[in-house]
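**Q** Fold the following for me, if possible:
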Amino acid sequence: MPDFIEEDRRVRVYLKDKLKLASVSKIVIERPGKYLRVNIYTSRPGIVIGKGGQGIENLRKEIESMTAKKTFVNVMEIKRPEVDAQLAAEGIAFQLEKQIAFKRAMKKTIEKAITAGAKGIKVMVAGRLGGAEIARTEWLKEGRIPLQTFRADIDYGFAEAYTTMGQIGVKVWIFKKELFKKTAKELFEEAKLVGASETVEQTIVQKPEEPK
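**A** You can find the predicted model right below:
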């Protein structure tokens, strides 16, 4: 197991460095038997695949040389990158490295996420913001972020910006939807089914009349 963990780390570091401009959100590594399956989630699949599939073929060969195992590489497209917390955090970190004001970068990310359909978003940055002498933490929030609710689908992302004044950490929470939330129509249909099942159960439970 330790060897597998170290191997996974090396593969992830290599892919993250190689695909810096491809907006990679996460890399999932599976090990079915003696093979290796690498799933790359990105909002720019064209950059990963390359011209005529050459890019993905080069990645596959490099990973095989690192792991000595037959490898399959799958590219998964992220349809809405605005509501992906990891991509949002990396976007803010990139803007901070380009000397853009942190509040402006945070507000822009929040607006994009809310416009794309997020129910809530919270952004937090920490470090020597704006070149200040003393590090501090700043955060902005819009909508709901129910962190204590089990059925809430909340995505979390973390990134670091390396600026001339020091390192700045970026954290993003995005509330996408509530899982298993039923609409009024679904509740009505469920109530009808429950009522019907109770009627059937009562019919079965009733004792038959004894013959006179």
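**Q** Do a quick rundown of the helices in the chain.
**A** For the chain, helices defined by DSSP state H occupy the ranges 2-18, 45-49, 54-67, 85-97, 102-115, 184-205.
**Q** Isn't residue 7 up against residue 68?
**A** No. Counting by CB atoms under 8 Å, residue 7 sits too far from residue 68 to count as a contact (9.7 Å). Using the backbone N, CA and C atoms, a C-beta is placed for each residue, glycine as well.
**Q** Comparing those two, which shows the higher neighbour count?
**A** A count of neighbours by other CB atoms under 10 Å puts residue 7 above the other of residue 7 and residue 68, at 18 against 9.
**Q** Now do the same for the closest residue to that one other than its chain neighbours: its pLDDT.
**A** Spatially, and ignoring its direct neighbours in sequence, residue 7 is nearest to residue 67 (5.8 Å; CB to CB, 6 or more residues apart in numbering). According to the prediction, residue 67 has pLDDT 86.
**Q** ok, now which ones touch residue 67?
**A** 7, 11, 36 (CB atoms under 8 Å, 6 or more residues apart in numbering).
**Q** And for the residue lying closest to residue 144 once chain neighbours are set aside, the neighbour number?
**A** Leaving aside its sequence neighbours, residue 144 sits nearest to residue 120 (CB to CB, 6+ apart; 4.1 Å). Applying other CB under 10 Å, we find 19 residues neighbouring residue 120.
**Q** CSV please, covering the contacts of residue 67 and showing distance to residue 88 and pLDDT.
**A** Formatted as CSV, the contacts of residue 67 follow (distance: CB to CB, whole Å; pLDDT from 0 to 100):
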residue, distance to residue 88, pLDDT
7, 29, 88
11, 24, 91
36, 29, 90
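**Q** CSV please, covering those residues and showing distance to residue 89.
**A** Listed next are the contacts of residue 67 as CSV, based on distance: CB to CB, whole Å:
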residue, distance to residue 89
7, 26
11, 21
36, 28
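**Q** which one of the residues you listed is nearest residue 91?
**A** residue 11 (23.9 Å; CB to CB).
**Q** surely that closest one meets residue 29?
**A** Yes. With contact defined as CB under 8 Å, residue 11 counts as touching residue 29 (6.3 Å).
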